[in-house]
Structures are given as structure tokens and as C-alpha cells.
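> Quick one: sequence plus predicted model below, questions after.
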Amino acid sequence: MPGSNPPLTTQQTAAALVGRWPDGAPLELHPTSDPGQLTSTPNAFQYKATPFNDDGGQKCPHFAHIRKVNPRDETTPAPTADNPSRRRMIRRGIPYGPPLPDGAADDAVDRGLHFFCVVSDVVRQFEFVQSSWLNQPTFPGGQKTTKPGTYGPTPQVTPDGPDPVVGEHTAGEACLLVQSGGHVTFPIPTQLVNVTAGEYFFLPSISAIGAIAGGTTS
């Protein structure tokens, strides 16, 4: 890294990409070092509001996965007010297959992650987050557009880049790391997550299930 910033360790690099340390502590609250396993994972924080004051992304990078999928106060207030809570999802990742040891070559064993999310509106939540936030290099540090929650290029400003963990991007895409000693643009060498299958399922509400169980046919 240029200036006074020392090179990032492997753990620091991983934390910057995700926005959390290995045990779940967010960079926004612990930007300099891993606090280790906490009794509970703190989630009551913002990015721009005082006392966090991280509009520039020096604590938690703009491209970090958790900042891309849940920008908290990034998309408000006006002129393009869009409450990020409208986009939130109940989600869970379930790993399968044996972990591949660090430094080991691919052994072709089937392994990956089952990603599940529950939403009330698949377009407003899952699809919007994927297309307008995760995959957009200009989100969240770009210029607000007329469509709520979306950003366009800001003149003479390098884009933040797509989500380097789960985002879909083209060859040559890069992310912008902002540090006190200077800004660093680094290329995304490969797409880390490759989707092999996907499906949408209709999940009736409890009241609907009760009605069906009671013999309702309409």
C-alpha cells in the first residue's frame, strides 16, 4: 500500500472483503484489529452517522460485502430517499462438503454453500440487492440517480467496485481501497462465487397454511 500504510495481512484482507473479522465482529466497530469471539455480534451501527463518521470507507470499505448488501444509512436522506430496510432479507448460508485446507490444490470434491433467503417481494429485495447494489461498481460511493437506492458514476471519482465476494463482474473490474496513506485500486482476479443452481419457492403464510388445512380451495 502507498504512503504510510503497511501491507495488509491475509486476515486483514479477508476482513476488508467481507466487512467482518473471522468471528463476526464488524470492521465498522473494530477497524484496526480482530477482537476475537464476542459474547454476541454487535449490529447496532451505521456508516455515515455520528459517531461512526465513515462516509469515506476507511473503516469498512465501500466494496465490503456487508456494506453492499446492507448499506444502513448510505441511501438516505433525500434527494433520493430510500430506506434500506425495505431491501433487507432473512438469509442463511449452509456450507456443504469438506473444507479445502489452506494452500491445497482443488481436489474436485463437491463443496460449496447453500444460500437461502426469505423475502416478501423477490424483485424489491433479492433481485434489487443483487443487481443494483452488489454488482454495481458505483454503489454506494457514486452519484445518486432518480431511481431510489441506485447510484451512477461520479465525475472524476474512481468507482468503489462490485462486491468482490459474491458479486458478478466482468474481466478487468477493480475495487477501490481507501486508506489514510492513499487510495489503492486492485483488480479482482477471479469470481469467487459461481452459482450452479437456483430456484424460487413460494412459502405461504401461517394463516394461508391454516386456511388450506381447513379445506379452503380458493
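Arrived safely. In this text, all values refer to a predicted model and were calculated from it rather than measured experimentally.

> give the contact list for Ile188.
Residues near Ile188 by C-beta atoms under 8 Å, 6 or more residues apart in numbering: Gly161, Pro162, Pro164, His169, Glu173, Ala174, Cys175. Backbone N, C-alpha and C define where each C-beta goes, glycine included.

> which one of the residues you listed is nearest Thr145?
Pro162 (17.1 Å; C-beta to C-beta).

> mind checking the backbone torsions on the spatially most central residue of the chain?
Nearest residue to the geometric centre of the chain (C-alpha atoms, centre = their mean): His65, 2.5 Å. Torsion angles at His65 (phi, psi; degrees, to the nearest 10) stand at phi -60, psi -50.

> want to throw the contacts of Ile188 into CSV with distance to Ile90, secondary structure and neighbour count?
Shown next, in CSV, are the contacts of Ile188 (distance: C-beta to C-beta, whole Å; DSSP: H, G, I helix; E, B strand; the rest coil; neighbours: other C-beta atoms under 10 Å):
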residue, distance to Ile90, secondary structure, neighbour count
Gly161, 27, coil, 26
Pro162, 24, coil, 25
Pro164, 24, coil, 26
His169, 26, coil, 18
Glu173, 29, coil, 17
Ala174, 32, strand, 19
Cys175, 28, strand, 25
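
> contacting residues for the residue nearest to the centre of the chain?
Leu17, Val18, Gly19, Asp163, Pro164, Val165, Val166.

> neighbours of Pro204, just the number please.
As a burial measure, Pro204 scores 10 neighbours (other C-beta atoms under 10 Å).

> Low-confidence ranges, this protein, go.
1-4, 77-80 (pLDDT under 70).

> What segments of the protein are strands?
Along the chain, the stretches classed as strands by DSSP state E are 90-96, 112-118, 143-144, 151-152, 174-179, 182-187.

> Of those strands, which is nearest Leu203?
Leu203 sits nearest to strand 112-118 of all those, at 6.7 Å, using C-beta to C-beta.

> Check the offset of the closest one from the chain's centre.
When distances are taken as C-alpha atoms, centre = their mean, to the nearest Å, strand 112-118 is centred 14 Å away from the chain's centroid.

> quick one: contacts for the residue lying closest to the residue nearest to the centre of the chain once chain neighbours are set aside?
Leaving out its chain neighbours, the residue that sits closest to His65 by C-beta to C-beta, 6 or more residues apart in numbering is Val165, at 4.5 Å. Taking C-beta under 8 Å, 6+ apart as the contact definition, Val165 lies against Leu17, Val18, His65, Leu192, Val193.

> Give me the buried entries from the residues you listed.
Among the contacts of Val165, the ones that count as buried by 16 or more other C-beta atoms under 10 Å are Leu17, Val18, His65.

> I'd like the residues you listed as a markdown table, with distance to Lys147 appended.
Listed next are these as a markdown table, based on distance: C-beta to C-beta, whole Å:
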| residue | distance to Lys147 |
| --- | --- |
| Leu17 | 27 |
| Val18 | 27 |
| His65 | 23 |
